[in-house]
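J.: Pasted the sequence and its predicted model underneath.
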Amino acid sequence: MLNASLIRERARGFLVENYWLAVAVVLVSGLLLGASGFTAVGSIILAGPISVGLSVFFLGLTRKQPVKFETMFSGFSNFVNTFVLGLLNMIFLVLWSLLLVIPGIIKSYSYSMSYYIMADNPEISANLAITKSREIMDGFKWRLFCLDFSFIGWLLLSALTFGIGYIFLAPYMEAAHTVFYEEIKGNLQF
């Protein structure tokens, strides 16, 4: 298994050729989600399709497949499934967070691979994607937390730039999460 620094190194390697495209994809998806966030309904509708589209884009990038800007909208091709996935993730995380913050954080790591799973298997149900995410994250939540924590310096630096630095950091973090998914998915069975 790769440690956080090796995952980050691989992520940087995958971004070398398509870094600015990845920045554009993350920026536009963030703007779409941010603009839809003014209404709760808009955010609920777009969260799943945009997240799955991002996962498809970054999976293509890390698998050395040709990627295009339009790939980020691929989550809309299976709108019902991706919408339900985003909705279920939100509902489950809110319910777990009602218990306290820590259970919500733990479950967010449990469900974190569901968008990648649906990107790899668009025909599966949202509930099965979440279940499979919980299964493959069993024993790996702490490792993903450590990977996220390894970006703390960059996140603090981004905060000092009033969030502008995050525009350039987000593709790197997303690529690292994708490398992490590729590392742990193993022989995922459906």
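T.: It's in.

J.: Count residues in the vicinity of residue 36, would you?
T.: Using other Cβ atoms under 10 Å, residue 36 has 17 neighbouring residues. All C-beta spots, glycine's among them, are computed from the backbone N, C-alpha and C.

J.: how about it, what does it touch?
T.: 42-43, 45-46 (Cβ atoms under 8 Å, 6 or more residues apart in numbering).

J.: got the phi/psi numbers for it?
T.: When read as degrees, to the nearest 10, the backbone of residue 36 gives phi -80, psi -20.

J.: which helices and strands does the helix or strand hosting residue 155 pack with?
T.: Counting by DSSP states H and E, the element that carries residue 155 is helix 152-160. In terms of contacts (3 or more Cβ pairs under 8 Å, 6 or more residues apart in numbering; DSSP states H and E), helix 152-160 is packed against helix 164-184.

J.: and the helix it packs on, what does it pack onto?
T.: helix 4-15, helix 19-36, helix 40-62, helix 141-149, helix 152-160.

J.: right, and residue 18 touches residue 60 too?
T.: No - contact criterion Cβ atoms under 8 Å: residue 18 and residue 60 do not qualify, at 9.4 Å.

J.: so what sits against both of the two?
T.: Going by Cβ under 8 Å, 6+ apart, residues that sit against residue 18 and also against residue 60 are residue 67.

J.: Just the CA atoms of stretch 39-52, as CSV, please.
T.: Presented in CSV, the C-alpha positions along stretch 39-52 are these (Å, rounded to 0.1, in the frame of the first residue of the first chain):
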residue,chain,number,x,y,z
THR,A,39,-31.0,27.4,-3.3
ALA,A,40,-30.9,24.2,-1.4
VAL,A,41,-32.8,22.4,-4.2
GLY,A,42,-30.2,23.4,-6.9
SER,A,43,-27.4,22.1,-4.7
ILE,A,44,-29.2,18.8,-4.1
ILE,A,45,-29.9,18.4,-7.8
LEU,A,46,-26.4,19.0,-9.0
ALA,A,47,-24.3,17.5,-6.3
GLY,A,48,-24.4,13.9,-7.5
PRO,A,49,-24.1,14.4,-11.3
ILE,A,50,-21.2,16.9,-10.9
SER,A,51,-19.4,14.7,-8.4
VAL,A,52,-19.7,11.6,-10.6
